[in-house]
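1. how does the following fold in three dimensions:
(one chain, ligands or ions: 1)
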Amino acid sequence: MSASTTSLLLGNQTHLPSLKSQSLLRLTKPLSIRCAASSTPTERVINFAAGPAALPENVLLKAQSDLYNWRGSGMSVMEMSHRGKEFLSIIQKAESDLRRLLHIPPDYSVLFLQGGATTQFAALPLNLCNPEDPVDYLVTGSWGDKAFKEAQKYCNPKVVWSGKAEKYTKVPSFDGFEQNPHAKYLHLCANETIHGVEFKDYPVPKNPNGVLIADMSSNFCSKPVDVSKFGVIYAGAQKNVGPSGVTIVIIRKDLIGNAQDVTPVMLDYKIHDENSSLYNTPPCFGIYMCGLVFDDLLAQGGLKEVERKNQRKAKILYDAIDESRGFFRCPVEKSVRSLMNVPFTLEKAELEGEFIKEAAKEKMVQLKGHRSVGGMRASIYNAMPLAGVEKLVAFMKEFQARHA
Ligand code: PMP
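-> This is a model prediction of the structure:
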């Protein structure tokens, strides 16, 4: 391959008129993008996207150097058999590095699946419940709500606490909701990506035979977690640990093997567990990328160190908001503010468009809040460097000085 440039033919996606009425895939005018093989990190934007999100630059550069010929195998990871020794070494290292990072106990299985966290909203009740079984859901934002609604098709879930009336700005106190003593599990979303609400501690299921289940999609591997408190932890990879297409499920082994008869084979944890996530063709390249990220997190000193960095980044951003005398506001109760997703609004809402546009000119992109809540949102996952947050804070102060 030429070291200079590679041409890719892509559709021009930048001016789709209406996403509702237009097929996203009807990409007409071809656009030639020249990718310099020598591209350097300095050419990149500061990406505050909520997911798919920024990946560590050293991981991307490593993947780039491995892309054409992985470790002298003569193949890219994308071209390897998922049953060959090369890929087996990749997936096994990814799993063992994740086990080291999270200190996953031996009585837990780690599954690398597909279908996103959304698929787990159905897989969980299908695997853990009979149709009549009661289960409890804490709903602290849109994702917890979606998980609850999907469970309604497969078991008998109840919302035991919802933050909807307070616009999802809180989590409940642990004595502030009534659990069903027979609930098979208590489900929560550990970090609500849209609303920026994060559990800092976790409730214990009232049923001694029940388990706690957490959707950790948007704070997975952002801090240490005591896995033994949970029956199941699940996460889409595309925020903190890799590209979209990989979903990680960490499940206590005794919970595997009781799926409802109607459970599709691809949703049955037993099938995936017995086949070490290789029942069918897994998302090989995505798993390889997750493995590179796990390696990088270990090299940084593990999740305690990662958490320390995340706390520092979040603090300077929340401080900037809180010290702006109301110019910027974050609606989330202080004690449960997310370290990962920071939603904020402008007192003068009419300036929000300008804020986002001007930030983009400074290469700070994807700061628009989710369409359901508006305002702004800065997602500052593990891969966001401190300098990226510092640049945003400097821009916010300068913007305020011009507009206050
Ligand atoms: N849960 C949370 C907390 C999320 O942030 C998301 C995606 N943004 C999902 C679930 C759904 O994940 P996926 O798109 O991978 O199905």
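2. which parts of the stretch 301-404 of the chain are helices?
-> 303-322, 352-361, 386-403 (DSSP state H, counting those that start in this stretch).
3. buried sites along the first one?
-> Buried positions in helix 303-322, judged by neighbour count with 16 or more other C-beta atoms under 10 Å: 303, 306-307, 309-310, 313-314, 317-318, 320-321. Bear in mind the C-beta positions are built from the backbone N, C-alpha and C, glycine included.
4. tell me which element the nearest residue to Phe148 once chain neighbours are set aside falls in.
-> Spatially, and ignoring its direct neighbours in sequence, Phe148 is nearest to Tyr137 (4.2 Å; C-beta to C-beta, 6 or more residues apart in numbering). Element membership for Tyr137 (DSSP states H and E) is strand 134-139.
5. who does that strand touch, helix- and strand-wise?
-> helix 142-151, strand 156-162, strand 185-189 (3 or more C-beta pairs under 8 Å, 6 or more residues apart in numbering; DSSP states H and E).
6. count the neighbours of Asn130 for me.
-> 12 (other C-beta atoms under 10 Å).
7. residues in contact with it?
-> Contact analysis of Asn130 by C-beta atoms under 8 Å, 6 or more residues apart in numbering lists 155, 260.
8. distance of Val225 relative to Ser217?
-> 13 Å (C-beta to C-beta, to the nearest Å).
9. excluding its backbone neighbours, what's nearest Met364?
-> In space, Met364 is closest to Ile46, 4.7 Å off (C-beta to C-beta, 6+ apart).
10. need the three-state assignment for Pro106.
-> Pro106 carries the three-state label coil when classified by DSSP: H, G, I helix; E, B strand; the rest coil.
11. check the residue of the stretch 301-404 of the chain found nearest the ligand and give its pLDDT.
-> Nearest residue of the stretch 301-404 of the chain to the ligand (C-beta to the nearest ligand atom) works out as Asn341 at 8.3 Å. For Asn341, the pLDDT comes out at 98.
12. returning to that earlier point: can you put the buried residues of helix 303-322 in JSON lines and add distance to Val365 and pLDDT?
-> Shown next, in JSON lines, are the buried residues of helix 303-322 (distance: C-beta to C-beta, whole Å; pLDDT from 0 to 100):
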{"residue": "Leu303", "distance to Val365": "27", "pLDDT": "98"}
{"residue": "Val306", "distance to Val365": "23", "pLDDT": "98"}
{"residue": "Glu307", "distance to Val365": "26", "pLDDT": "98"}
{"residue": "Lys309", "distance to Val365": "21", "pLDDT": "98"}
{"residue": "Asn310", "distance to Val365": "20", "pLDDT": "98"}
{"residue": "Lys313", "distance to Val365": "17", "pLDDT": "98"}
{"residue": "Ala314", "distance to Val365": "19", "pLDDT": "98"}
{"residue": "Leu317", "distance to Val365": "16", "pLDDT": "98"}
{"residue": "Tyr318", "distance to Val365": "21", "pLDDT": "98"}
{"residue": "Ala320", "distance to Val365": "19", "pLDDT": "98"}
{"residue": "Ile321", "distance to Val365": "19", "pLDDT": "98"}
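13. dump those residues to CSV, plus distance to the ligand.
-> Formatted as CSV, the buried residues of helix 303-322 follow (distance: C-beta to the nearest ligand atom, whole Å):
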residue, distance to the ligand
Leu303, 18
Val306, 19
Glu307, 18
Lys309, 21
Asn310, 16
Lys313, 19
Ala314, 17
Leu317, 19
Tyr318, 20
Ala320, 24
Ile321, 21
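14. picking that back up, so Val225 and Ser217 - more neighbours on which side?
-> Between Val225 and Ser217, Ser217 has the larger neighbour count (other C-beta under 10 Å), namely 26 against 22.
15. pull the residues that contact stretch 306-316.
-> Residues contacting stretch 306-316 (C-beta under 8 Å, 6+ apart): 221-224, 297, 300, 337-340, 342, 380, 382, 384, 386, 389-390, 393.
16. residue contacts, Leu303?
-> If you count contacts by C-beta under 8 Å, 6+ apart, then Leu303 has 101-102, 221-225, 297 around it.
17. at 10 Å what do you get?
-> For Leu303, the contacting residues are 100-103, 221-225, 297, 310, 382, by C-beta atoms under 10 Å, 6 or more residues apart in numbering.
18. what parts of the stretch 51-200 of the chain come near the ligand?
-> 51, 116-118, 143, 189, 193 (C-beta under 6 Å from any ligand atom).
19. just those: which are in helices?
-> When DSSP state H is applied, those are split such that 116-118, 143 fall in helices.
20. which residue does the stretch 51-200 of the chain have closest to the ligand?
-> Gly116 (2.4 Å).
21. next, count neighbours for that residue.
-> Neighbours of Gly116 (other C-beta under 10 Å): 18.
22. quick check: closest non-adjacent residue to it.
-> Gly236 (5.0 Å).
23. how much space separates that neighbour from the ligand?
-> From Gly236 across to the ligand, the span is 3 Å (C-beta to the nearest ligand atom, to the nearest Å).
24. what's near enough to touch that residue?
-> With C-beta under 10 Å, 6+ apart, Gly236 has these contacts: 51-52, 113, 115-120, 193, 215-218, 220, 242, 244-248.
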